[in-house]
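Engineer: Attaching a predicted model along with its sequence, questions to come.
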Amino acid sequence: MENLIAIISDYGLKDHYVGTVHGVIRDINPEAKIVDITHNVRPFDLVDAAVKFKWSFNYFPRGTVFLILVDPDPTAEPIIVSTERFFIVCPNNGVGSLVFQKEPPEAVYRITAEHYFLEGPGNFRGRNILTPIAAELSRLQAAYHLGEEMDLSRLKRFRIPSPVEISPGIFEAIVLDIDNFGNLILNMENKGSLPRAIEINRVRIEKSSKSFSGFQKGELFVSINPEGHLQIVAYMGSAAHILKAKRGMKVRVEF
């Protein structure tokens with residue numbers, strides 16, 4: 001599918017930034033279809049952006065242009081990454097690392113088509129450089145018109161820690177994400193059986209369920225999030241608040 005642009009940013013919705021990005025896209029490519037995956041990535045947080053990208057990309061059709069506007073490092077050059085199915089327009093800062101494990105990059109281009117860039121006061125390259133390139137790319141469906149091909153080895157990547165088996169059947173995981181409901185999503189994917197117990201912040205949780213039925217309000221249990229990761233849930237409440245948990249906190253998982 002052509003003309004579909006899916007956006008991830010840390011711009012939030014309070015200011016005018018998201019609206020102006022939409023405006024730039026529409027001005028360049030009036031036929032563009034825009035999907036806002038999220039604009040609530042934690043400010044400057046590449047790990048948060050990478051996780052949200054990983055959990056969303058596979059639901060989009062072939063030809064989608066992903067515009068990733070989380071840009072904490074001004075020295076990271078703007079690039080286009082092409083895979084078998086998609087294009088990603090982003091800074092070369094590793095934000096696509098988790099997606100690339102499942103959707104390997106086929107080519108990467110340093111963006112050089114400066115005649116498409118917008119001029120304006122201030123330093124807003126998300127709107128002035130990345131966005132117009134994404135708009136053009138959604139029409140062209142070919143990156144070589146917009147940049148100079150680089151060696152794939154120059155594409156920056158990072159890894160997120162994996163669970164560590166500290167003794168037979170016992171793992172040390174971390175809180176990878178906390179969603180809007182206060183569910184604690186772990187860096188451990190479900191492999192078929194739910195754990196018999198989880199311990200976090202000196203609280204032991206021994207209930208687990210694949211469904212959300214049969215629990216009292218505020219009751220803690222272990223479940224599976226929509227993307228297949230183990231999560232700690234408080235029924236009709238916030239596990240993060242109840243457990244005073246933060247992202248990166250260690251979790252003991254027992255099978």
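Structural biologist: Great, that's in hand. Numbers count the residues shown, from 1 in each chain.
Engineer: Ramachandran angles for Phe57?
Structural biologist: phi -60, psi -30 (degrees, to the nearest 10).
Engineer: Pretty sure Leu69 sits against Tyr11.
Structural biologist: Yes. Using CB atoms under 8 Å, Leu69 makes contact with Tyr11 at a distance of 6.8 Å. No exception for glycine: its C-beta is placed from N, CA and C like everyone else's.
Engineer: ok, these two, which is more surrounded?
Structural biologist: Taking other CB atoms under 10 Å, Leu69 and Tyr11 do not tie; Leu69 has more neighbours (26 against 22).
Engineer: shared neighbours, Leu69 and Tyr11?
Structural biologist: Val21, Gly126 (CB atoms under 8 Å, 6 or more residues apart in numbering).
Engineer: Give me the distance from stretch 219-232 to the chain's centre.
Structural biologist: Distance of stretch 219-232 from its chain centroid, counting by CA atoms, centre = their mean, to the nearest Å, is 18 Å.
Engineer: Tell me which residues are up against that stretch.
Structural biologist: 54-55, 173, 176, 179, 183-190, 194-195, 198, 200, 203, 205, 207-210, 212, 215, 233-235, 239, 242-243, 245, 251, 253.
Engineer: Going by neighbour count, which of these are buried?
Structural biologist: Neighbour counting over the contacts of stretch 219-232 (16 or more other CB atoms under 10 Å) leaves 54-55, 173, 176, 183-188, 190, 194-195, 198, 200, 205, 207-208, 215, 233-235, 239, 242-243, 245, 251, 253 as the buried ones.
Engineer: Which stretches in the stretch 1-150 of the chain count as helices?
Structural biologist: Taking DSSP state H, counting those that start in this stretch, the helices of the stretch 1-150 of the chain run over residues 17-28, 46-54, 97-102, 125, 131-140.
Engineer: and these as TSV, adding mean pLDDT and distance to Val164?
Structural biologist: Formatted as TSV, the helices of the stretch 1-150 of the chain follow (pLDDT from 0 to 100; distance: least, CB to CB, whole Å):
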stretch	mean pLDDT	distance to Val164
helix 17-28	97	39
helix 46-54	97	18
helix 97-102	96	19
helix 125	95	38
helix 131-140	96	38
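Engineer: quick one on the thing from earlier: just the ones in strands from the buried ones among the contacts of stretch 219-232, please.
Structural biologist: Within those, residues falling in strands by DSSP state E are 173, 176, 184-188, 198, 200, 205, 233-234, 251, 253.
Engineer: TSV please, covering those residues and showing pLDDT and distance to Phe221.
Structural biologist: Shown next, in TSV, are those (pLDDT from 0 to 100; distance: CB to CB, whole Å):
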residue	pLDDT	distance to Phe221
Ala173	98	16
Leu176	97	18
Leu184	98	12
Ile185	98	14
Leu186	98	14
Asn187	97	19
Met188	97	16
Ile198	97	9
Ile200	97	13
Ile205	97	7
Val233	98	6
Ala234	97	8
Val251	98	14
Val253	98	14
